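**Q** Sequence and predicted model, in that order:
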Amino acid sequence: MSHRRRLAILVAAAIAAVAGLFHAGCAWASDDATVTRLLGAFDALVFWDDGRALVDARKWRTTLRVQLDGAPSADEVRMTMAAIATAAQAAGLAMERVAADGNFIVRFDRDAGYVVNGRRAGCYATTGATLRGEIREARLFVDRTQRNLRRCITHEVMHGFGFPGHPEGIDSILAVGPSQRRDSFAEADLVALATLYDDRMRAGATYLPGLLSARQIIAERVGAVAPGAAADHLARGHLAQAVSRLHARAEGGDAPAQRLLGIAHYLAQAMPRDDAAAVAWWRAAAARQDIAAAFWLGEAALAGRGGPADPVDAQAHHAMAAARGHVAAMVRTAQALEQGRGVARDPLAAAVWYLAAAQRGNALAKAEAPRALARLAPPERALAEARARGWHAAP
């Protein structure tokens, strides 16, 4: 083979290699852009109530029993059931139509003049959820005189599935503004539904861990990574923006943001672990009456993170949060009273706290309450059960 021929082969191979790298790079950039776009939409739709207040993720865990009130017309029934069916299919939820005792209730009115948050509204939705973020009921109110009734219905259905946001600059049925004319679910809406209702997305998921879970789910759904393969290299820019946004709100005195930033430091979520910073943010949030921050201060004091271990201080924080209805703090308080950890041992009071937490759905408390009761004499057992039934959180 001549020297010129060998050189031509080498050049062709080099060009092919460069082309391969270029196409691989373009594919990575395209995947990153897609995941970033869809993650940004999920962020705005799930974690920001009306675009202003930071909230935890909420989702249904049960069959939707759809009840239509207000004598809807055939067209109104068709539009409503089609919108709910599309959302339920994307979410993987079962649904059925019922005449009464529904948990997903749509009420049709005429010229209702709804006012929501000080603004007139053609339609609106409310949801009721447990402390764990599981939606138990949705109520949608629809003024049937709206010009674009299909948009109105579909918009509120999305809210009813656990999406409180009204994003700007995103193609979504929940986007607001005079230029918004969409009357059906957008790609971002359907991906958000599938992501929120993926089993890996926990009901009650908080901001940063929720975004980390969403990134993984979305990356797998769009084929950017294989199932189970890490997606840490994707949407880093959006995660950095989310951390910056959380910092800005925390520094501005927003107690939930301060608590979440503390958790992120404590658990190394999207940032390095920093126990001292976590405790400092929780103290700031607790000073603003954030009961969950008080619970986390108790956790840090119990574990000796951010300072020396102090069971007395831990119990003081846990008891404060428990009195205000924080269920995990109620279990910690029961454990402390049962063991005499940081407080005098009191089996009767421990049983009351276990029972009260169990009544609010805590799995550990449900397992521990019978054992705690069994250690009491019959009169004390009856007293513990009566006190637990009558317990109410302090305002």
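**A** It's in. Numbering: from 1, shown residues only.

**Q** okay but Asp313 is in contact with Ala300, surely?
**A** No. The criterion here is C-beta atoms under 8 Å, and Asp313 misses it with Ala300 at 9.3 Å. For every residue, glycine as well, the C-beta is placed using N, CA and C.

**Q** what about those two, which has more around it?
**A** Using other C-beta atoms under 10 Å, the more surrounded residue of Asp313 and Ala300 is Ala300, with 23 against 17.

**Q** Ignoring the adjacent residues along the chain, who's closest to that one?
**A** Excluding the flanking residues, the one nearest Ala300 by C-beta to C-beta, 6 or more residues apart in numbering is Gly306, at 4.8 Å.

**Q** Helix or strand: which one has the closest residue to Leu337 other than its chain neighbours?
**A** Distance criterion C-beta to C-beta, 6+ apart; nearest residue to Leu337, sequence neighbours excluded, is Ala350 at 3.9 Å. Using DSSP states H and E, Ala350 falls within helix 347-359.

**Q** Would you map the helices across the stretch 151-300 of the chain?
**A** Using DSSP state H, counting those that start in this stretch, the helices of the stretch 151-300 of the chain run over 187-196, 207-221, 236-251, 255-267, 275-287, 291-303.

**Q** could you dump those helices to JSON lines with distance to Ala100 and mean pLDDT?
**A** Below are the helices of the stretch 151-300 of the chain laid out as JSON lines (distance: least, C-beta to C-beta, whole Å; pLDDT from 0 to 100):
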{"stretch": "helix 187-196", "distance to Ala100": "27", "mean pLDDT": "97"}
{"stretch": "helix 207-221", "distance to Ala100": "35", "mean pLDDT": "97"}
{"stretch": "helix 236-251", "distance to Ala100": "43", "mean pLDDT": "96"}
{"stretch": "helix 255-267", "distance to Ala100": "37", "mean pLDDT": "96"}
{"stretch": "helix 275-287", "distance to Ala100": "43", "mean pLDDT": "98"}
{"stretch": "helix 291-303", "distance to Ala100": "37", "mean pLDDT": "98"}
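
**Q** Could you dump those into JSON lines with distance to Leu355 added?
**A** Converted to JSON lines, the helices of the stretch 151-300 of the chain look like this (distance: least, C-beta to C-beta, whole Å):
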{"stretch": "helix 187-196", "distance to Leu355": "33"}
{"stretch": "helix 207-221", "distance to Leu355": "30"}
{"stretch": "helix 236-251", "distance to Leu355": "36"}
{"stretch": "helix 255-267", "distance to Leu355": "27"}
{"stretch": "helix 275-287", "distance to Leu355": "26"}
{"stretch": "helix 291-303", "distance to Leu355": "19"}
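
**Q** looking at the ones you listed, which is closest to Gly92?
**A** Nearest of the helices of the stretch 151-300 of the chain to Gly92, taken as C-beta to C-beta: helix 187-196 at 7.6 Å.

**Q** Please identify the buried residues of the closest one?
**A** 188-196 (16 or more other C-beta atoms under 10 Å).

**Q** same deal with stretch 282-297?
**A** 282, 284-286, 290-297.

**Q** For Ala357, which of the helices of the stretch 151-300 of the chain is the nearest?
**A** Between the helices of the stretch 151-300 of the chain, helix 291-303 lies closest to Ala357; by C-beta to C-beta that is 12.6 Å.

**Q** Keeping just the C-alphas, turn the closest one into PDB.
**A** Provided in PDB are the C-alpha atoms of helix 291-303 (Å, rounded to 0.1, in the frame of the first residue of the first chain):
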ATOM      1  CA  ILE A 291     -42.600  23.000  63.500                       C
ATOM      2  CA  ALA A 292     -40.800  20.700  61.100                       C
ATOM      3  CA  ALA A 293     -37.600  22.700  61.600                       C
ATOM      4  CA  ALA A 294     -38.000  22.100  65.400                       C
ATOM      5  CA  PHE A 295     -38.200  18.300  64.600                       C
ATOM      6  CA  TRP A 296     -35.000  18.400  62.600                       C
ATOM      7  CA  LEU A 297     -33.200  20.300  65.400                       C
ATOM      8  CA  GLY A 298     -34.200  17.400  67.700                       C
ATOM      9  CA  GLU A 299     -32.800  15.000  65.200                       C
ATOM     10  CA  ALA A 300     -29.500  16.800  65.000                       C
ATOM     11  CA  ALA A 301     -29.200  17.000  68.800                       C
ATOM     12  CA  LEU A 302     -30.000  13.400  69.100                       C
ATOM     13  CA  ALA A 303     -27.400  12.300  66.600                       C
END
